[in-house]
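>>> what follows is a protein structure lacking sequence information:
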């Protein structure tokens with residue numbers, strides 16, 4: 001049975017797109033401001049798709065605009081937004097024509113970047129890149145590899 005978390009659904013224009021996470025099970029803790037997804041985990045946010053064995057979503061309180069006159073704040077209507085997401089175990093990341101694998105990835109939602117560790121390998125248009133730590137800057141469509149890099153560029157066939 002899939003469980004979905006969509007903490008950004010229903011936001012007004014100009015807000016970030018919805019993040020949808022499905023898994024076999026979920027454990028949420030309001031006290032820790034986190035949710036742990038286990039088994040067949042899949043996160044989708046626009047064209048970013050992340051698969052993993054375990055995914056931990058860390059939340060923060062959402063900054064809400066000042067309420068209009070006469071409205072009383074309600075603790076039950078407290079909104080949370082995603083700070084970052086940690087994916088562990090058999091991580092596969094897809095964005096457009098790019099893809100990557102690793103053992104652990106941290107998605108910083110505010111900075112729109114993904115940090116890959118644990119034998120990260122990325123592929124894009126005939127190029128394979130690997131190294132100990134890789135950072136994918138999603139809005140800039142670029143990656144940085146630190147600690148030693150190997151790049152393999154596939155040959156092209158000539159007619």
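Good, I have the coordinates. This structure is a prediction, so every number in the text was calculated from the model and none was measured. Numbering: from 1, shown residues only.
>>> alpha carbons only for contacts and neighbour counts from here, please
Fine.
>>> how about the strands in the chain?
Secondary structure of the chain (DSSP state E): strands at 3-5, 20-23, 25-29, 34-45, 48-61, 80-95, 98-108, 113-117, 121-124, 127-130, 133-137, 142-146, 150-153.
>>> tally of neighbours for the closest residue to residue 91 other than its chain neighbours?
Nearest non-adjacent residue to residue 91, counting by C-alpha to C-alpha, 6 or more residues apart in numbering: residue 52, 4.5 Å away. Using other C-alpha atoms under 10 Å, residue 52 has 26 other residues around it.
>>> do the one 3 residues further on as well
Per other C-alpha under 10 Å, the neighbour tally for residue 55 reads 29.
>>> name the nearest residue to it, sequence neighbours excluded.
residue 87 (4.4 Å).
>>> check the spacing between the one you found and residue 99 real quick.
15 Å (C-alpha to C-alpha, to the nearest Å).
>>> what's across from the most centrally placed residue in the chain in the sheet?
Nearest to the geometric centre of the chain sits residue 107, at 4.2 Å (C-alpha atoms, centre = their mean). Under DSSP bridges, the beta-bridge partners of residue 107 are residue 85, residue 114.
>>> isn't it right up against residue 117?
No. Residue 107 lies out of contact with residue 117 (C-alpha atoms under 8 Å); the separation is 11.8 Å.
>>> returning to what we had before: and residue 87 and residue 99? which has more neighbours close in?
Neighbour tally, residue 87 and residue 99, criterion other C-alpha under 10 Å: the higher count belongs to residue 87, 27 against 18.
>>> for the more buried one, give me its contacts.
51-56, 104-106 (C-alpha atoms under 8 Å, 6 or more residues apart in numbering).
>>> got the buried residues for stretch 141-159?
For stretch 141-159, a neighbour-count test (16 or more other C-alpha atoms under 10 Å) marks residue 145 as buried.
>>> cool, stretch 40-47 as well?
Neighbour counts using 16+ other C-alpha under 10 Å place 41-44 of stretch 40-47 among the buried residues.
>>> how far does that stretch sit from the chain's center?
How far stretch 40-47 lies from its chain's middle: 8 Å, per C-alpha atoms, centre = their mean, to the nearest Å.
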